[in-house]
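Novice: requesting a structural model of the entry that follows:
(4 chains)
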There are 2 protein chains.
Amino acid sequence: MSTRRRRRGSDMNSARATLNDVAHKAGVSVMTVSNFVRGKPVRAKTKKRVEEAIALLNYRPNRSARSLRLSEESSVGIVIADSDPAFLNDPFISRLVSGLSNYLSNLDYTLDVQGVTPERFSDATILAKLGNAALCAILCGPRSIRRDHLANLQRLGPPIVVFQEVFKPPAANVAIISQDDLSGGMQLGEHLLETKVRSVIFVRPALDWCAIEQRERGLRNILGQAGVAIDFRTLSAASERFDDVQRIVTDCLAKGAPPDAIVGATDSMAVAALKSCELAGRRVPRDIIVAGFNGFDVWRVTTPTLTTVVSPAYEMGRHAGELLIGRIQNGEFARRRVVLPVRLQIGESTAR
Amino acid sequence: MSTRRRRRGSDMNSARATLNDVAHKAGVSVMTVSNFVRGKPVRAKTKKRVEEAIALLNYRPNRSARSLRLSEESSVGIVIADSDPAFLNDPFISRLVSGLSNYLSNLDYTLDVQGVTPERFSDATILAKLGNAALCAILCGPRSIRRDHLANLQRLGPPIVVFQEVFKPPAANVAIISQDDLSGGMQLGEHLLETKVRSVIFVRPALDWCAIEQRERGLRNILGQAGVAIDFRTLSAASERFDDVQRIVTDCLAKGAPPDAIVGATDSMAVAALKSCELAGRRVPRDIIVAGFNGFDVWRVTTPTLTTVVSPAYEMGRHAGELLIGRIQNGEFARRRVVLPVRLQIGESTAR
DNA sequence: TTGAAAGCGTTACCAC
DNA sequence: GTGGTAACGCTTTCAA
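Specialist: Okay, the predicted model is just below:
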């Protein structure tokens, strides 16, 4: 008999088999099984016996025990601040998370995903429990709040990657990955200049967000220093949602001189603006030109197709995985600041 | 001094504080701290000392140790079979996962997300490692393969929720949640009959998928038993992607008599079909009517807006969480089969 | 109410 | 190559 108490009959599989069970079945010691499982050299004959026992008992290592023993986790957490409960529905986020998840899966890491309303960011249970080897975060809200959140994250201890921020990484355990939204705004600005627009409205959500700041700034940089005076204004919608954007754009078109161009802070906002123009009887691009940011899905389904600045969201996720795993393995980040390029993609909505 | 070896100076916070550290700092036993942490009654004075020590050392319970001791996990895994690497980008999936994640977060469970190509389903590391209290799966592929996968999942042991299947749950640890796609197809079929169409093409991806089977069957049920003979055909695109759908629809329109109606297996396919009609010079809905399934985002951005069957994806995720946690806590599923209703939403694309 | 001891399943470290 | 032993941090059990 075993030297250990057993909770179950030897062949019942209601509870999971342990190393001990396998060792018993194979007539070897626990360490031999452990060695085999982890690929250490084992004599051919022993190996066969152990393999059989493992198959028979359907043994799988207990991750908690392993984590406890090694004091290391094999999961990464990502916390996403978003006011929409369906936080993964945003195409930027869904692509980023997909890229991260795939990268981690290939390395046998697990990804824990949690969405959280912007006000409750610090309460996220992933942050409170802190059961991951590393963390990712997508923040939102005004800059000072984001800075506070970043400071709190940094103090948590594990390696952290934050997306879409312009800050300098505040500590050695923090890296920041972003796309070059400033350049994106500028590229789009240049393109707008070529279409000879004189007045441009940037439609954005009221809730602040780093990428949006940058996009606006990029546009302003170019349009502000143009040879001719260009009227550049910003319109804040209550949210990114279709209805909210439609409401504000329709209002804007109804009163006073309509702009020559409307730029949405995201494609979904641009598309809402485009529909609003249409409903108000303004033809796009003949009467008004429209453009957006992201270049994921919607741009091609509208009529006309949408000019947009294409975002490398999936790659940002993959990059984050790479950086974090590197940091876990080598003790330091290969880079603390990564900026990925964006690309202007011209559609029919700005064709003059 | 402590009776135990310490790896670090008492005030270094490079490694995480343990119960032992806190007990020491507070001058009480480990058990007192443990009791306090878990909300057991503790004398007011002791409590205060413990609270201070916890704050000072920034103590957080070690999840692995707790899991090991209790032999229970506090995470749920979801494995999603999808041929697109950006597997979360599908609006059905992103909503479902969001709903599940939010429900679990509220109960202090964590959600591990992994996408996997359909051929590699069984290799998913989440399945191999089996480190979760429960699992969810979204399968795809032909029925016989899905049935095999389901059988393998069931044998894994932990409670499982599978989405969008028509099978009877094969074991007590499996529940199936689906939306009523059959009814959705039928609702849409009835609507098409009212528009007096005589020929309908259903555009679907080559890769089989339970919901799509059902949608097709529902349509066929209604259109096949109509008073007048209706020509109902299916067109398989290489994938759900825009280009693939556009290619096949354009081909179809080019040769022979075009259909009166095109139904996409999903909204994104319907929208691609709609654009293809437009490019081929067929006006929608005047020349051809178009409809889809899902009702998430795109339906309202096309011109005309799309008729679609609205899917309760977010609620399916929430439901899955409810069922799984119930099963974990009570030892059995409250229900093993849940079918949520869908709703036909009529847009401009079928207005005659 | 508090404390001491045992053990959850695993691996590092040594012996053999 | 193989195996015994002692932790990893926690909670259950039982005694004070």
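
Novice: C-alpha from now on. contacts and neighbour counts both.
Specialist: Noted.

Novice: tell me the contacts of the spatially most central residue of chain A?
Specialist: When chain A is reduced to its mean C-alpha position, the closest residue under CA atoms, centre = their mean turns out to be residue A:96, at 3.8 Å. Contact analysis of residue A:96 by CA atoms under 8 Å, 6 or more residues apart in numbering or on different chains lists A:313-318.

Novice: tell me how far it lies from residue B:271.
Specialist: The spacing between residue A:96 and residue B:271, counted by CA to CA, to the nearest Å, is 24 Å.

Novice: right, and the helix or strand after the strand or helix carrying residue A:185?
Specialist: If you go by DSSP states H and E, residue A:185 is part of helix A:181-194. Downstream of helix A:181-194, the next assigned helix or strand under DSSP H and E is strand A:199-205.

Novice: so how far is DNA strand C from residue A:200?
Specialist: Residue A:200 is 61 Å from DNA strand C, where distance means CA to the nearest atom of the strand, to the nearest Å.

Novice: list the contacts of that residue.
Specialist: Contact analysis of residue A:200 by CA under 8 Å, 6+ apart lists A:230-233, A:259-263.

Novice: returning to that earlier point: for the helix holding residue A:185, packing partners?
Specialist: helix A:210-224, strand A:307-310, strand A:343-345 (3 or more CA pairs under 8 Å, 6 or more residues apart in numbering or on different chains; DSSP states H and E).

Novice: now for those, which one comes closest to DNA strand D?
Specialist: Closest to DNA strand D of the helices and strands packed on helix A:181-194, according to CA to the nearest atom of the strand: helix A:210-224, at 36.5 Å.

Novice: buried ones in the following helix or strand past the closest one?
Specialist: Counting by DSSP H and E, the next helix or strand C-terminal to helix A:210-224 is strand A:231-237. Going by neighbour count (16 or more other CA atoms under 10 Å in any protein chain shown), the buried part of strand A:231-237 is A:232, A:235-237.

Novice: just want the angle from strand A:231-237 to strand A:199-205.
Specialist: For strand A:231-237 against strand A:199-205, the angle by axes from the mean of the first three to the mean of the last three CA atoms, to 10 degrees is 20 degrees.

Novice: parallel or antiparallel, list what pairs with strand A:231-237.
Specialist: Applying DSSP bridges to the sheet, strand A:231-237 is found paired with strand A:199-205 (parallel).

Novice: could you check the angle the strand it pairs with makes with helix A:181-194?
Specialist: Put simply, strand A:199-205 runs at 150 degrees to helix A:181-194, going by the same axes, to 10 degrees.

Novice: any idea how far strand A:199-205 is from the chain center?
Specialist: 25 Å (CA atoms, centre = their mean, to the nearest Å).

Novice: for stretch A:105-125, same thing?
Specialist: Distance of stretch A:105-125 from the chain centroid (CA atoms, centre = their mean) equals 10 Å.

Novice: equivalent analysis for stretch A:250-270, please.
Specialist: For stretch A:250-270, the distance to the chain centre is 28 Å (CA atoms, centre = their mean).

Novice: equivalent analysis for stretch A:178-193, please.
Specialist: 21 Å.

Novice: just the C-alpha atoms of it, please, in CSV.
Specialist: Extracted in CSV, the C-alpha atoms of stretch A:178-193 (Å, rounded to 0.1, in the frame of the first residue of the first chain):
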residue,chain,number,x,y,z
SER,A,178,1.6,52.7,-28.8
GLN,A,179,0.8,53.4,-32.4
ASP,A,180,1.9,56.7,-34.0
ASP,A,181,-1.4,58.4,-33.8
LEU,A,182,0.2,61.8,-34.0
SER,A,183,1.7,60.9,-37.4
GLY,A,184,-1.7,59.4,-38.3
GLY,A,185,-3.4,62.7,-37.6
MET,A,186,-0.7,64.5,-39.6
GLN,A,187,-1.0,62.1,-42.6
LEU,A,188,-4.7,62.6,-42.7
GLY,A,189,-4.2,66.4,-42.3
GLU,A,190,-1.9,66.5,-45.3
HIS,A,191,-4.4,64.5,-47.3
LEU,A,192,-7.2,66.9,-46.3
LEU,A,193,-5.1,69.9,-47.4
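
Novice: contact partners of that stretch?
Specialist: Contact with stretch A:178-193 is made by A:163-166, A:211-212, A:214-223, A:226, A:308-309, A:311-312, A:316, A:338-344, A:350, as judged by CA under 8 Å, 6+ apart.

Novice: and if you look at stretch A:83-90?
Specialist: With CA under 8 Å, 6+ apart as the test, stretch A:83-90 has contacts from A:80-81, A:93-94, A:115-118, B:88-89, B:91, B:94-95, B:97-99, B:102, B:314.

Novice: just the buried residues of stretch A:28-37, please?
Specialist: Across stretch A:28-37, burial judged by 16+ other CA under 10 Å covers A:30, A:32-34, A:36-37.

Novice: what about chain A, any weak spots by pLDDT?
Specialist: Within chain A, the segments meeting pLDDT under 70 span A:1-14.

Novice: switch to 80 and redo it
Specialist: Counting by pLDDT under 80, chain A has low-confidence residues at A:1-15, A:226, A:256.

Novice: scan it for its longest helix.
Specialist: helix A:313-330 (DSSP state H).

Novice: how about it and chain B, any contact?
Specialist: Yes - with CA under 8 Å from any CA of the partner chain as the measure, helix A:313-330 is seen reaching chain B through residue A:314.

Novice: which strands and helices sit next to that helix?
Specialist: Applying 3+ CA pairs under 8 Å, 6+ apart, we find helix A:313-330 packed against helix A:91-106, strand A:134-138, strand A:160-163, strand A:174-179.

Novice: next, the buried residues of that helix.
Specialist: A:313-325, A:327.

Novice: for DNA strand C, state which of the residues you listed is nearest.
Specialist: Nearest to DNA strand C among these is residue A:325, at 18.1 Å by CA to the nearest atom of the strand.

Novice: before we move on, the earlier item: now flag whichever of the buried residues of stretch A:28-37 is closest to chain B.
Specialist: The shortest approach to chain B among those belongs to residue A:37, at 12.7 Å (CA to the nearest CA).

Novice: how close does the closest one sit to DNA strand D?
Specialist: From residue A:37 over to DNA strand D the distance is 12 Å, taken as CA to the nearest atom of the strand.

Novice: and residue A:255, how many neighbours?
Specialist: By other CA atoms under 10 Å in any protein chain shown, 8 other residues sit near residue A:255.

Novice: check residue A:110 too.
Specialist: Count around residue A:110 with other CA under 10 Å applied: 27.

Novice: surely it and residue A:78 touch.
Specialist: No - with contact defined as CA atoms under 8 Å, residue A:110 does not reach residue A:78; the gap is 10.8 Å.

Novice: can you list the residues of chain A near DNA strand D?
Specialist: A:27-32, A:41-43, A:45-47, A:65-66, A:68-71 (CA under 7 Å from any atom of the strand).

Novice: now the buried members of those residues.
Specialist: A:30, A:32, A:47, A:65-66, A:68.

Novice: from DNA strand D, how far off is the nearest residue to residue A:226 once chain neighbours are set aside?
Specialist: In space, and not counting its chain neighbours, residue A:226 is closest to residue A:193: 7.7 Å by CA to CA, 6 or more residues apart in numbering or on different chains. Residue A:193 is 60 Å from DNA strand D, where distance means CA to the nearest atom of the strand.

Novice: what's the separation between residue A:287 and residue A:243?
Specialist: According to CA to CA, residue A:287 and residue A:243 sit 22 Å apart.
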